[in-house]
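*Asks:* got a sequence here, can you build the structure:
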Amino acid sequence: MSPDFVRFRKKLQSKAFVRDATGLVREYGALDILLFASALVFALVFSTVQFAWFYGNTGGANLPLTLLVATIPFIFLMIAYWAIGVVMPRTGNDYVWVGRIFHPSIGFAWSVLYVFAVFFVAYVGEIASFTYAFSIAMATLGLTTNSPSLTSFGTFIGGSIGTFELGILFNVVFGLFAIFGSKFIKGLMYSSWIAAIVGTVLMWYILGSVTPTTFASNWNALLVPSLGSNATYQALQSNAMAAGYTPATGFGSIIAALPLASLFLFGGNYANAFVGEVKNVRKSIPIALFLSLFLGVIWWSITSTLTLNAVGANWMASVGYAWVNGLSSYALPYPPSQPLMLAVAAYGNNGLIYLMMFTFLLGSLAPLFAYFWIPSKYFFAWAFDRVIPSKFANINERFHTPYVSIIGIMILGTVLSAVYLFLGWSSSFTLGTVIWGISFILPCLALVAFPFLKKDLFATAPGFVKARIGSIPIMSIIGFIAAISFAWIGYIAYTTPADTVPTAFGSYVIVGVIVLAFAIYFASWSYHKSRGLDISAALKAIPPE
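*Replies:* Prediction:
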C-alpha cells in the first residue's frame, strides 16, 4: 500500500466524520454503567402490568424456571456484547460494530429498527405502565380516603389522553435532564435507585405477609363496594375461566413462553450504546452486562414468586387472560397492575400503602430515563457518520451533551406515544418483543464474521477475544450460538399464538421502518457522493473518540 494512498484514505475518512473528535467526555464509571444496565433489565415500573401480561398470555407458565432457561442464550449474548464493547468502544456501539463489519447501510438499517423496537416497547410502553401505577395510586387514595375527585383523577390519568399527556411531560423533563449533563443524570439515577431499593423491600414485605385468602377478602372489601359484584375476587377468576382460560402445563409451556420471558431480561446490553463515555471500558462493561443479567433473574424470580403466593397463581393467570384479550368478563376499569395488588395486600395500613406508592413511582424514574436517554446516542452516532444531518452530532460545549439528538428523541417520543394510543399496551409489547429479540441476530453474526473480515483489528483485540479452539475463533462460536438461539426464540414467538399473533399492520411497521432506513442511508450517500465523498467507503473506519 503506497504512502500516497494511505494519506488519501485518511483524508477521505476524516471528511466522513463531522469532527476529528466526538466532543463527548468519559464521565461514567463502573458503578454508573451498572446502575444503567440494571435499570434496563429490572425495575419497579416494569412489574406494573408485566405479570398479568405474562401469565395471561402463557396460561400461567412458570416464570422463574423459564427465566433460567432463557439465561443460557443471554449469557452468550452478554459475552458477544462484551467483545463488541472492548473492540469498538464507541457511542452507538453495536451500530458501529454491524456497519463496520458488514456495510454501513446494513448497520444503519439494523440500528434504526432496533432503536425503534426498544424505544417503543421499553420507553413509550413503560410510560403507559407508569401511568397505570400513578392512576392506581390516585384511585387507591380516593378509595381509602373516600375522595371521589382523587378516584376520578386516577381514572383520567390511566386513560389514553392522560397517558399521552404524561408522556409529553416526561419527554420534556427527561430531555432537560439529558441536556444538562452527567451531574443531573447521575443525580436522577442515584436518587431513583435509592427509592427503588426501598420500594423493592417494601413490595417484598407486603407480598410476603399476605395469603390468597386474605388477599381475596381485602379485594372484595376495597373494590366491590364501588365496582359491583362482577368485580369480586371469585367472580373475576370464574368468569375468565368460563370465557376460555386454560392453564398451561408441562415443559412445553416453558419453551412456548421463552419469547415473553426474554423480555424480562432484555436491556442490559443496551448500555453499550454510551460506552464511548465510560471510563475503563474493559473492566466496566463485563461488570455491567453480567451483573445486570444475574441480578435481573434473581429480582424477577423473587418478585413473581411472592406475587403469585400472595394473590393466587390461578387467579393471576385467569384475570390476566381476561385483561389481555379484552374480554367482557374483565370487570375492572383499570389493568390488574402490581400497585393495585400491593394496595389490596396492604389494605388497612394506609401509611404503608402511601409509602409503597411513593417509592414505586420515584423508583421508576431511573429505567424510564435510561430508555429515553440512550437512543439519543444512536442519533448522535448516525449524525457523526453523516448518515443523517450532522446537526444531530452537535455537542453543547458546557455540558458535553448532544442536545440536538436529545431534542430529536423528545419529538420521537411524542410521535410514538400517539402511535401507542392506537395499538394499546398488549399489542405494542408483543410486536416489540419479536423485533427486539430477533434484532440480536445481526450483531452476533457480525461477531462470527469479525475474525475473518477484520483481520487487522482482530489481531490487536484483547486476548480473550482472540482465543481459538484449534483454528476456529471462540468468538465466532459464541456469536453463532447466540444468533441461532435468538433466531429460535423469534421463531417460537412467530409461531406461538400465546406469544404473539402476526398481523398485517405489524408486518407493515417492520418493513416500513427497514425500507425507510435504507432510503435515508442511500439518499445521504447520493447527496454526499455528489459532493465528492463516498460515505460507504469512508465509514469502513472506526469513528474517532
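
*Asks:* what's the following helix or strand after the helix or strand of the chain with the lowest mean pLDDT?
*Replies:* When the helices and strands of the chain are scored by mean pLDDT, DSSP states H and E, helix 3-16 comes last with a mean of 51. With elements assigned by DSSP states H and E, the helix or strand that comes after helix 3-16 is helix 30-41.

*Asks:* from the contact counts, what lies against that following helix?
*Replies:* Helix 30-41 makes packing contacts with helix 182-208, helix 281-311, helix 365-373 when contacts are defined by 3 or more Cβ pairs under 8 Å, 6 or more residues apart in numbering; DSSP states H and E. To be clear about C-beta, it is placed using only N, CA and C from the backbone, and glycine gets the same treatment.

*Asks:* quick one: which of those is nearest Phe452?
*Replies:* Of all these, helix 281-311 sits nearest to Phe452, with 23.7 Å by Cβ to Cβ.

*Asks:* in that closest one, what counts as buried?
*Replies:* Neighbour counts over helix 281-311 (16 or more other Cβ atoms under 10 Å) mark 281, 284-297, 299-308, 310-311 as buried.

*Asks:* I'd like the next helix or strand past it.
*Replies:* Next element after helix 281-311 (DSSP H and E): helix 313-324.

*Asks:* now that next one against helix 281-311, angle please.
*Replies:* Helix 313-324 runs at 100 degrees relative to helix 281-311, counting by axes from the mean of the first three to the mean of the last three Cα atoms, to 10 degrees.

*Asks:* contacts for stretch 68-78?
*Replies:* 254-255, 258, 261-262, 264-265, 268-269, 286, 289-290, 293, 297, 440, 444, 478, 481-482, 485-486, 489 (Cβ atoms under 8 Å, 6 or more residues apart in numbering).

*Asks:* the closest residue to Ser105 other than its chain neighbours: neighbour count?
*Replies:* Nearest residue to Ser105 in three dimensions, chain neighbours excluded: Tyr521, at 4.5 Å (Cβ to Cβ, 6 or more residues apart in numbering). Close neighbours of Tyr521, defined as other Cβ atoms under 10 Å, add up to 25.

*Asks:* re earlier: quick one: closest of the helices and strands packed on helix 30-41 to Tyr508.
*Replies:* Of all the helices and strands packed on helix 30-41, helix 365-373 comes closest under Cβ to Cβ, at 24.4 Å.

*Asks:* name the residues that touch the closest one?
*Replies:* Residues contacting helix 365-373 (Cβ under 8 Å, 6+ apart): 35-36, 39-40, 43, 45-46, 118-119, 122-123, 126-127, 130, 170-171, 174-175, 177-178, 185, 188-189, 192-193, 196, 267, 270-271, 406, 409, 413.

*Asks:* got the contact list for Ala216?
*Replies:* Contacts of Ala216 by Cβ under 8 Å, 6+ apart are Tyr233, Gln234, Gly312, Trp315.

*Asks:* contacts only, for the residue lying closest to Leu306 once chain neighbours are set aside.
*Replies:* Among residues not flanking Leu306 along the chain, Leu207 sits closest, at 3.9 Å (Cβ to Cβ, 6+ apart). Leu207 sits next to Thr303, Leu306, Thr307, Asn309, Ala310, Leu342, Ala345 when contact means Cβ under 8 Å, 6+ apart.

*Asks:* of all those, which comes closest to Glu397?
*Replies:* Of all those, the one with the least separation from Glu397 (Cβ to Cβ) is Thr303, at 43.7 Å.

*Asks:* mind checking how far the closest one is from Ser318?
*Replies:* Using Cβ to Cβ, to the nearest Å, one gets 20 Å for the distance from Thr303 to Ser318.

*Asks:* any chance of CSV for the contacts of Leu207, columns pLDDT and distance to Ser147?
*Replies:* Below are the contacts of Leu207 laid out as CSV (pLDDT from 0 to 100; distance: Cβ to Cβ, whole Å):
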residue, pLDDT, distance to Ser147
Thr303, 98, 30
Leu306, 98, 30
Thr307, 98, 28
Asn309, 97, 32
Ala310, 98, 27
Leu342, 94, 20
Ala345, 95, 21
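
*Asks:* and these, which is closest to Thr58?
*Replies:* Thr307 (14.9 Å).

*Asks:* in this structure that closest one contacts Trp315, no?
*Replies:* No: here Thr307 does not reach Trp315: they are 10.9 Å apart, not a contact under Cβ atoms under 8 Å.

*Asks:* that older thread, could I get the contacts of Leu207 as a markdown table with distance to Ile101?
*Replies:* Shown next, in a markdown table, are the contacts of Leu207 (distance: Cβ to Cβ, whole Å):
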| residue | distance to Ile101 |
| --- | --- |
| Thr303 | 38 |
| Leu306 | 44 |
| Thr307 | 43 |
| Asn309 | 47 |
| Ala310 | 48 |
| Leu342 | 47 |
| Ala345 | 51 |
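
*Asks:* mind listing what the spatially most central residue of the chain touches?
*Replies:* Nearest to the centroid of the C-alpha atoms of the chain, with distances taken as Cα atoms, centre = their mean, sits Ala122, at 3.8 Å. Going by Cβ under 8 Å, 6+ apart, Ala122 touches Leu40, Phe266, Gly267, Pro367, Tyr371, Gly432.

*Asks:* try it again with 10 Å
*Replies:* By Cβ atoms under 10 Å, 6 or more residues apart in numbering, the contact set of Ala122 is 40, 46, 263, 266-267, 270, 367-368, 370-372, 374-375, 429, 432, 436.

*Asks:* lowest-confidence entry in those residues?
*Replies:* Least confident by pLDDT among the contacts of Ala122: that is Phe429, with 59.

*Asks:* can you show me the strands along the chain?
*Replies:* For the chain, strands defined by DSSP state E occupy the ranges 468-469, 472-473.

*Asks:* just name the most buried of these.
*Replies:* The highest average neighbour count among the strands of the chain, using mean count of other Cβ atoms under 10 Å, belongs to strand 472-473 at a mean of 16.

*Asks:* flag every buried residue along stretch 215-228.
*Replies:* Neighbour counts over stretch 215-228 (16+ other Cβ under 10 Å) mark Phe215, Ala216, Asn218, Trp219, Asn220, Leu222, Leu223 as buried.

*Asks:* let me fix that: stretch 377-392
*Replies:* 377-388, 390, 392.

*Asks:* as JSON lines, the strands of the chain with mean pLDDT and distance to Val86 would be great.
*Replies:* Listed next are the strands of the chain as JSON lines, based on pLDDT from 0 to 100; distance: least, Cβ to Cβ, whole Å:
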{"stretch": "strand 468-469", "mean pLDDT": "94", "distance to Val86": "17"}
{"stretch": "strand 472-473", "mean pLDDT": "96", "distance to Val86": "15"}
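
*Asks:* output those in TSV, with distance to Ala517 appended to each entry.
*Replies:* Listed next are the strands of the chain as TSV, based on distance: least, Cβ to Cβ, whole Å:
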stretch	distance to Ala517
strand 468-469	35
strand 472-473	30
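
*Asks:* out of those strands, the one nearest Ser337 is which?
*Replies:* Comparing the strands of the chain under Cβ to Cβ, the one sitting nearest is strand 472-473, at 47.0 Å.
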